[in-house]
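Build me a model:
(one chain, ligands or ions: 2)
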Amino acid sequence: MTAGTARQTYLNYINGQWTPSSTSQTEPSISPANTYDIVGYVQQSGIEDLNAAVEAAGRAQPVWRKLSGPKRGEYLFRAADVLEQRLDEIAETVTREMGKTLPEAKGEVQRGVNILRYYAGEGMRSIGEVIPSTDSEALMLTTRVPLGVVGVITPWNFPVAIPIWKIAPAIIYGNTVVFKPAQETAVTAAKIVECLDEAGLPAGVVNLVMGKGSVIGNAMAEHPYIHAITFTGSNDVGKMIAQKAVARGAKYQLEMGGKNPIIVLEDADLDRAVEATISGGLRSTGQKCTATSRVFVQSAIYEPFKRRLLARIKELTIGNGLADGVWMGPCASQKQLETVLSYIEKGIEEGATLLCGGRRLDDGEFGTGFYVEPTVFENVSPNMTIAREEIFGPVLALIKVETFEEALALANDTPFGLSASIFTQNIGKMLTFIQDIEAGLVRINEESAGVELQAPFGGMKQSSSHSREQGRAAIEFFTAIKTVFVKG
Ligand SMILES: NC(=O)C1=CN([C@@H]2O[C@H](COP(=O)(O)OP(=O)(O)OC[C@H]3O[C@@H](n4cnc5c(N)ncnc54)[C@H](OP(=O)(O)O)[C@@H]3O)[C@@H](O)[C@H]2O)C=CC1
Ligand SMILES: O=C(O)CCC(=O)C(=O)O
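Residues are numbered from 1 along each chain as shown. Ligands and ions are numbered 1, 2, ... in the order given. As a prediction, the model looks like this:
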């Protein structure tokens with residue numbers, strides 16, 4: 001049986017069974033590019049469903065953790081193969097459900113395949129070290145054990161990559177999972193879980209519960225039998241989850257917002273800097289936590305940079321991401337569109353100068369989607385809302401600076417610290433930037449977005465809970481260390 005029926009109703013996946021929610025309620029997942037396009041109906045689950053999923057995960061965990069790492073890896077290799085075979089179909093679902101363009105969606109699904117293979121291999125890598133003891137006759141070593149049942153709460157902006165970069169390491173290290181995706185992209189989530197099911201993953205190892213964050217997500221944070229929570233999303237929700245997790249002694253990991261700067265110095269390759277600003281700021285309609293939103297440009301090159309940026313933005317094609325040649329799709333939801341438009345309004349009210357964009361696109365076929373123009377402001381002062389808060393839309397704030405030092409100080413003047421980029425040829429300034437920028441992801445002569453699956457990913461300050469995801473860093477969250485002392 002698969003997640004979807006002929007009527008395109010996608011079910012929860014609990015204890016290896018596709019199961020309708022106990023509430024019997026569903027809601028449509030609509031395409032943000034065309035609200036008449038219903039991608040599928042998804043479950044509005046209740047607490048009873050969550051409890052069943054947690055129970056299944058709890059039952060499966062002692063058996064799953066006893067399998068060897070390489071054996072667990074075999075399931076992930078098989079899941080990667082299934083996902084790869086279904087790449088085109090799942091990418092199309094991503095584009096329909098979330099709005100990013102088809103090439104971006106295909107890239108993301110391929111990334112999901114690669115992440116599964118990476119963590120499949122992780123099942124064969126070392127999980128401890130031997131440490132010299134002061135007792136010459138003893139053996140002292142560390143080993144790692146799983147945490148138990150892990151709750152995975154994910155957003156809609158990377159509906160394949162983010163769930164996989166949380167679920168794959170969770171299970172390779174012997175945990176079992178209860179997965180609550182964003183309701184906006186729950187069909188995509190069901191298809192990912194179908195791939196795990198088709199790979200033969202034992203019942204209960206991964207369980208999917210669709211439903212409202214305020215109901216299911218909230219109850220996960222409070223659930224006594226969920227031992228750890230990994231979350232990506234907004235700061236407000238992240239902080240609530242952290243407080244609930246701390247209150248009951250559960251481990252938590254949060255990946256949240258960004259207000260990511262790019263600094264363009266006078267010796268920069270201007271064309272490359274313009275392309276990086278556009279790609280980093282506007283791809284995926286600016287809906288990446290690593291998206292560029294503040295652009296600091298040295299005064300000597302400010303005008304030519306601005307001219308080229310505006311000229312290039314004019315060339316961008318906006319439309320339904322399924323269509324050939326479209327560069328930028330819609331915002332992912334009506335709520336997101338309204339948020340973006342309200343920030344644009346705020347920018348104008350607070351006195352920033354609108355250089356381009358700023359409007360909802362609603363004529364012709366745009367009328368049935370959540371489209372907004374790519375938008376650039378200048379004369380943005382550091383205390384304006386658009387310079388301080390995460391917008392999560394295609395909005396750039398251009399800020400003229402006199403010196404590198406001024407740019408660096410302003411770039412750091414934010415509660416966030418996820419990613420940051422600089423364009424310069426000056427090695428000294430690159431090195432100072434690497435040392436002094438307050439960001440977890442530091443990019444030199446490259447755009448601010450772009451995460452490689454084999455490298456640690458996470459932010460400083462309020463962008464994360466100070467832990468790292470992906471690469472080998474994932475082992476730190478998904479396992480606990482045991483220090484073992486052996487004497488004959
Ligand atoms: N860092 C990032 O990558 C992301 C950042 N954001 C930021 O957040 C803003 C709002 O986006 P939004 O989608 O509302 O983000 P949320 O933080 O609300 O959603 C992220 C996930 O958390 C769930 N959730 C919502 N409320 C709770 C809760 N009380 N307890 C536990 N889980 C909950 C959501 O469920 P559901 O949606 O199903 O209700 C979703 O699965 C964006 O404008 C952007 O600034 C958003 C997405 C990703
Ligand atoms: O930049 C990327 O590739 C990843 C971004 C990300 O993790 C996010 O937006 O949540």
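
is it true that Lys288 touches Asn157?
Yes: the pair Lys288 and Asn157 passes the contact test of CB atoms under 8 Å, sitting 6.3 Å apart. For glycine as for every other residue, the C-beta is placed from the backbone atoms N, C-alpha and C.

Between the two, tell me which one has more neighbours.
Shown here are Lys288 and Asn157; by other CB atoms under 10 Å, Asn157 has more neighbours (26 against 23).

In contact with the more buried one, which residues?
Met98, Ser284, Gln287, Lys288, Cys289, Ala332, Phe392 (CB atoms under 8 Å, 6 or more residues apart in numbering).

got the residues of the stretch 251-400 of the chain near ligand 1?
Taking CB under 6 Å from any ligand atom, the part of the stretch 251-400 of the chain that reaches ligand 1 is made up of Glu255, Met256, Gly257, Cys289, Gln336, Thr339, Glu390, Phe392.

all helices of the stretch 251-400 of the chain, in order?
Per DSSP state H, counting those that start in this stretch, the stretch 251-400 of the chain carries helices over the ranges 270-282, 299-314, 334-349, 385-388.

Which positions within the third one qualify as buried?
Using 16 or more other CB atoms under 10 Å as the burial criterion, the residues of helix 334-349 that qualify are Gln336, Leu337, Thr339, Val340, Leu341, Tyr343, Ile344, Gly347.

repeat for the shortest one
Residues of helix 385-388 classed as buried by neighbour count (16+ other CB under 10 Å): Ile386, Ala387.

Now tell me what touches it from outside.
So helix 385-388 is in contact with 259, 294, 343-344, 346-347, 350, 352, 377, 380-382, 395, 397, 399, 414-415, going by CB under 8 Å, 6+ apart.

picking up where we left off before, out of the helices of the stretch 251-400 of the chain, nearest to Ser22?
Closest to Ser22 of the helices of the stretch 251-400 of the chain, according to CB to CB: helix 334-349, at 26.7 Å.

Which other helices and strands does that closest one contact?
Under the contact definition 3 or more CB pairs under 8 Å, 6 or more residues apart in numbering; DSSP states H and E, helix 334-349 sits against strand 353-356, strand 371-372, helix 385-388, strand 395-401.

which residues does whatever residue of the stretch 1-150 of the chain ends up closest to ligand 2 contact?
For the stretch 1-150 of the chain and ligand 2, the shortest gap (CB to the nearest ligand atom) falls at Arg111, measuring 8.0 Å. Applying CB under 8 Å, 6+ apart to Arg111 gives the contacts Val160, Ala161, Leu453.

wait, is it part of a helix?
Yes: Arg111 forms part of a helix when assessed by DSSP: H, G, I helix; E, B strand; the rest coil.

how close does it sit to Thr230?
As defined by CB to CB, to the nearest Å, Arg111 lies at a distance of 18 Å from Thr230.

Could you list which of the residues of the stretch 251-400 of the chain next to ligand 1 also contact ligand 2?
Near ligand 2, by the rule CB under 6 Å from any ligand atom, you find Cys289 out of those.

and whatever residue of the stretch 301-450 of the chain ends up closest to ligand 2, what does it touch?
The minimum distance from the stretch 301-450 of the chain to ligand 2, using CB to the nearest ligand atom, falls at Ala449 (3.8 Å). By CB under 8 Å, 6+ apart, the residues touching Ala449 are Asn260, Ser279, Gly280, Arg283, Lys288, Thr290, Ala291, Thr292, Ser419.

Quick check: the gap between the fourth one and Ala449.
In this case it means Arg283. Taken as CB to CB, the span from Arg283 to Ala449 is 7 Å.

Can you check which residues contact both of the two?
Jointly contacting Arg283 and Ala449 under the rule CB under 8 Å, 6+ apart are Ala291.

In the protein, where is pLDDT below threshold?
Scanning the chain for pLDDT under 70 picks out 1-7.

domains for it, by residue range?
12-256+464-487, 260-452 (automatic domain parsing).

What is the end-to-end distance of the first one?
Using CA to CA, to the nearest Å, the end-to-end distance of domain 12-256+464-487 comes to 49 Å.

likewise stretch 192-211?
For stretch 192-211, the end-to-end distance is 17 Å (CA to CA).

in it, what counts as buried?
192-199, 201, 203-211.

ok, of the contacts of Arg111, which one's closest to ligand 1?
Ala161 (10.5 Å).

Once you drop chain neighbours, what's closest to Thr35?
Nearest residue to Thr35 in three dimensions, chain neighbours excluded: Thr368, at 5.3 Å (CB to CB, 6 or more residues apart in numbering).

now that we're looking at the one you found, how far away is ligand 1 from it?
21 Å (CB to the nearest ligand atom, to the nearest Å).

correct me, but that residue touches Pro32?
No: using CB under 8 Å as the test, Thr368 is too far from Pro32 to be in contact (9.9 Å).

Contacts only, for Gln8.
By CB under 8 Å, 6+ apart, the contact set of Gln8 is Ile38, Val39, Gly40, Tyr41.

That one and ligand 1, how far apart?
Gln8 is 19 Å from ligand 1, by CB to the nearest ligand atom.

now do Lys71
31 Å.

Also Arg472?
Taking CB to the nearest ligand atom, one finds Arg472 at 22 Å from ligand 1.

do Asp324 as well
28 Å.

list the contacts for that residue?
Per CB under 8 Å, 6+ apart, neighbours of Asp324: none.

Same check on the one 5 residues further on?
The neighbourhood of Gly329, defined by CB under 8 Å, 6+ apart, consists of Pro32, Ala33, Thr95, Gly99, Lys100, Thr101, Thr285, Ile318, Gly319, Asn320, Gly321.

Give me the nearest residue to Ala268, chain neighbours excluded.
Phe423 (3.6 Å).

Could you pull up phi and psi at that neighbour?
phi -110, psi 120 (degrees, to the nearest 10).

partner residues bridging it?
Val264 (DSSP bridges).

residues contacting it?
Taking CB under 8 Å, 6+ apart, one finds Ile262, Ile263, Val264, Leu265, Ala268, Asp269, Arg272, Ala273, Ala276, Asn445 in contact with Phe423.

I'd assumed Lys487 was in contact with Ala138.
Yes: between Ala138 and Lys487 there is a contact under CB under 8 Å: 4.6 Å.

So which of the two has more stuff around it?
Ala138 (12 against 9).

residues contacting that one?
Phe485, Val486, Lys487.

so who does the second one touch?
When contacts are counted by CB under 8 Å, 6+ apart, Val486 is found next to Ala138, Leu139, Met140, Leu141.

for the last one, same thing?
Lys487 makes contact with Asp135, Glu137, Ala138, Leu139, according to CB under 8 Å, 6+ apart.

Now do the strands in the stretch 51-200 of the chain.
With DSSP state E, counting those that start in this stretch as the criterion, the stretch 51-200 of the chain has strands at 138-146, 149-153, 176-180.

With respect to ligand 1, which of the ones you listed lies nearest?
That would be strand 149-153 among these, by CB to the nearest ligand atom, at 4.9 Å.

what's the spacing between the closest one and its chain's center?
Distance of strand 149-153 from its chain centroid, counting by CA atoms, centre = their mean, to the nearest Å, is 15 Å.

Paired strands for that strand, with orientation please.
Applying DSSP bridges, one finds strand 149-153 paired with strand 176-180 (parallel), strand 228-232 (parallel).

From what I see, Thr101 and Thr95 are in contact.
Yes: counting by CB under 8 Å, Thr101 does reach Thr95; the two are 6.7 Å apart.

Brilliant, that's me finished.
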